[in-house]
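**Q** predicted structure and sequence below. I'll ask about it afterward.
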Amino acid sequence: MPIVDLYGHESLRARLRASINRGTLPASLLIHGPRGVGKQRLALWLGQLLLCESPGPHGPCAACRSCRYSRELGHPDLHWYFPRPRPKDADPSLDEVKDDFIDAIHERLDSNGIYPPPSGLEGIFIRTVHLVVQQAGMTPTIGSRKVFVIGDAERMIAQEGSEQAANAFLKLLEEPLPDTTVVLTTSEPAALLPTIRSRVIGLRANPLPESDVRAFLEDPLATKALQAYQLPKSVEERVRLANGAPGALLSSGTIAEAHALANEMLSASHTGDAERFRLGLAFGSSKARGFFSDVLDALTALLHDRARDRATEGDDDGARRAAMAVRAVEKAKFRASGNVNPQLIGSALLREFAELRP
């Protein structure tokens, strides 16, 4: 059974195809962007294209043996790694690590390649890095090259005594073998080790337009896989909730919480300091940085709607203040992409809202 098709990212796909055709595709890439926009699926598509036996002008042929194996997550030269629970054995064998990923990929295949974000307890541990380095040194099995996709790469865990493996991985990124392509993905590029960031070429995957989100949601494979999640039945409501990132629907409870907090932040612009102080504490260490990003995305969507509605009503001043608040949120997103404490950013944003009263 194949995984669901890739939707959207047409311009990025065109750039990747052109780079491959020119022979200038970097051997080590980092695809970054908001959670749920399909970064790992895009990386798998790129792997399929690189391994395709008869690629066409628009991408993989989708008919050859390699394409079939790639779509079914069974191509022996397309290696997919992502966060997993910490092994019970502190030092598992590489065969045990490999078997664990085979089982995990089968689980993702059973859900048509649709899966929720990793929990905070999952990571890419050192024995996984050992396995990647070992497989990178092997000859391709059926094709002429190997492709490694490493999802949520910011979860790569540094461990004491792991310097040798870490250095070997960095060398793989910096001086990859001629037959090897490594594609990392992340929603939090600032959380990546600086030594990794300096060795990859970054590409941003942006949120999808509504038409692509709708096409994804109407795909029979996606419809079947999403039945396991508590989602609104209406496609229109799902499109609105996705906000350009259909994968985010799989953590829709978190999205709903983020939207609720975003609404509270906007309402607090008309209340006193005590309420703003309470909301500022909501971004403390107990909240993941990813949740803060969800709140900022929700604020952007709410403020855009508010600016449009007020402009329609003829309230030019209200539309202007809402637009200024959007710019404040975008600046907060830029600061959040660094190592700045979300609590500080959130508190500063609340003060700006109090001045603007969007």
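**A** Noted; the coordinates are in hand.
**Q** longest helix of this protein?
**A** Longest helix in the chain, counting residues (DSSP state H): helix 289-312.
**Q** what's the mean pLDDT across it?
**A** Per-residue pLDDT over helix 289-312 has a mean of 83.
**Q** residue 155 is in contact with residue 192, correct?
**A** No - assessed by CB atoms under 8 Å, residue 192 is found out of contact with residue 155, at 9.8 Å. C-betas here are computed from N, CA, C, even on glycine.
**Q** about what we covered before: buried residues of the next helix-or-strand element following the longest helix of the chain, list them for me.
**A** Where DSSP states H and E defines the elements, the next helix or strand beyond helix 289-312 is helix 316-336. Buried residues in helix 316-336, counted by 16 or more other CB atoms under 10 Å: 318-319, 321-323, 325-326, 328-329, 332-333, 335-336.
**Q** how much does helix 316-336 deviate in direction from helix 289-312?
**A** With axes from the mean of the first three to the mean of the last three CA atoms, to 10 degrees defining the directions, helix 316-336 sits at 160 degrees from helix 289-312.
**Q** the next helix or strand after helix 316-336 vs helix 316-336, what angle?
**A** Once the chain leaves helix 316-336, the next helix or strand it forms, by DSSP H and E, is helix 342-356. Orientation of helix 342-356 against helix 316-336 (the same axes, to 10 degrees) gives an angle of 170 degrees.
**Q** check the offset of helix 342-356 from the chain's centre.
**A** 26 Å (CA atoms, centre = their mean, to the nearest Å).
**Q** alpha carbons of that helix, as PDB, please.
**A** Extracted in PDB, the C-alpha atoms of helix 342-356 (Å, rounded to 0.1, in the frame of the first residue of the first chain):
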ATOM      1  CA  PRO A 342       9.400  32.300  24.600                       C
ATOM      2  CA  GLN A 343       8.200  33.800  27.900                       C
ATOM      3  CA  LEU A 344      10.200  37.000  27.200                       C
ATOM      4  CA  ILE A 345       9.000  37.200  23.600                       C
ATOM      5  CA  GLY A 346       5.400  36.500  24.600                       C
ATOM      6  CA  SER A 347       5.500  39.100  27.400                       C
ATOM      7  CA  ALA A 348       6.900  41.700  25.000                       C
ATOM      8  CA  LEU A 349       4.300  40.900  22.400                       C
ATOM      9  CA  LEU A 350       1.500  41.400  25.000                       C
ATOM     10  CA  ARG A 351       2.900  44.800  25.800                       C
ATOM     11  CA  GLU A 352       2.900  45.700  22.100                       C
ATOM     12  CA  PHE A 353      -0.700  44.500  21.800                       C
ATOM     13  CA  ALA A 354      -1.600  46.700  24.800                       C
ATOM     14  CA  GLU A 355      -0.300  49.800  23.000                       C
ATOM     15  CA  LEU A 356      -1.800  48.900  19.600                       C
END
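**Q** what residues sit buried inside it?
**A** Applying 16+ other CB under 10 Å to helix 342-356 flags 342, 343, 345, 346, 347, 348, 349, 350, 352, 353, 356 as buried.
**Q** likewise for stretch 299-307?
**A** 299, 300, 301, 302, 303, 306, 307.
**Q** roughly how far apart are the nearest residue to residue 116 once chain neighbours are set aside and residue 149?
**A** With sequence-adjacent residues excluded and distances taken as CB to CB, 6 or more residues apart in numbering, residue 116 is closest to residue 250, at 4.2 Å. Computed as CB to CB, to the nearest Å, the residue 250 to residue 149 distance reads 19 Å.
**Q** look at the two and report which has more neighbours.
**A** Comparing residue 250 with residue 149 by neighbour count (other CB atoms under 10 Å), the higher total belongs to residue 149, at 26 against 21.
**Q** wasn't that one part of a strand?
**A** Yes - membership of residue 149 in a strand is supported by DSSP: H, G, I helix; E, B strand; the rest coil.
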